[in-house]
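Undergrad: Quick check, what structure comes out for this input:
(chains A, B and C)
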Amino acid sequence: MKEKPEFSFYDKVYMVARQVPKGRVTSYGAIAKYIGSGRSARMVGWAMNNCGTVMPPVPAHRVLNKQGLLSGKHHFPGMGLMQELLENEGIEIEDDKVVDFEKVFWDPNVELKPFKSL
DNA sequence: TCAGTGACTGTTT
DNA sequence: AAAACAGCCACTG
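TA: Reported below is the predicted structural model:
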């Protein structure tokens, strides 16, 4: 029996994003690689665009680019909401980027088990 | 069906 | 070091 993930590309992204621990952040590329396409980071970002249409809601504010920059903050409602959410979790933000990004970085490829094992 | 878009990343200039 | 180019794949019109 071949395991056939019924999970769509979106679902995989949401699944990983939801498992990001509080006070931690990850990058699109890390998620993309975790789901099997290390170079499809753009698709991860695109999936995040629909994050508000899925349940439960996805903490897209914990997903940043590899530079630790809040690249998607402009997509959040209000102004600086994404930054406030991150700061609320203990993450320090400066100039729209995460301080000590390497320290709060959470890599699903390391912290989580391979997707096939799920 | 084809073409355009996009919350990224790596390589090259 | 910074900017530009290319690759990548899924969704919409």
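Undergrad: Next up, phi/psi of the residue nearest to A:Ile35 when sequence neighbours are not counted, please.
TA: With CB to CB, 6 or more residues apart in numbering as the criterion, A:Ile35 has its nearest non-adjacent residue at 4.1 Å, and that residue is A:Lys12. Every residue, glycine included, has its C-beta placed from N, CA and C. Dihedral angles of A:Lys12 (phi, psi; degrees, to the nearest 10) stand at phi -60, psi -40.
Undergrad: which residues sit in contact with A:Lys12?
TA: When contacts are counted by CB atoms under 8 Å, 6 or more residues apart in numbering, A:Lys12 is found next to A:5, A:31, A:34-35, A:115.
Undergrad: Check whether stretch A:69-79 comes near DNA strand C.
TA: No. Residues of stretch A:69-79 are not located near DNA strand C by CB under 7 Å from any atom of the strand, the shortest gap being 12.5 Å.
Undergrad: hmm, that stretch in reach of DNA strand B?
TA: Yes. With CB under 7 Å from any atom of the strand as the threshold, stretch A:69-79 lies in contact with DNA strand B, specifically through A:71-72, A:74-76.
Undergrad: Of those, which is the nearest to DNA strand B?
TA: A:Gly72 (1.9 Å; CB to the nearest atom of the strand).
Undergrad: Distance-wise, check A:Arg18 relative to A:Lys103.
TA: Note on A:Arg18: its distance to A:Lys103, by CB to CB, to the nearest Å, is 22 Å.
Undergrad: Can you pull out the low-pLDDT segments for chain A?
TA: Along chain A, the parts satisfying pLDDT under 70 run over A:1-6, A:116.
Undergrad: What residues does it have near DNA strand C?
TA: A:8-10, A:37, A:39-43, A:46.
Undergrad: So which residues of chain A form helices?
TA: A:9-18, A:28-35, A:41-49, A:81-88, A:101-104, A:108-111 (DSSP state H).
Undergrad: Can you name the residues that contact the residue nearest the centre of chain A?
TA: The geometric centre of chain A, computed from its C-alpha atoms, lies nearest to A:Val63 (CA atoms, centre = their mean), at 3.1 Å. By CB under 8 Å, 6+ apart, A:Val63 lies in contact with A:17, A:20, A:25-28, A:31, A:44, A:48, A:72.
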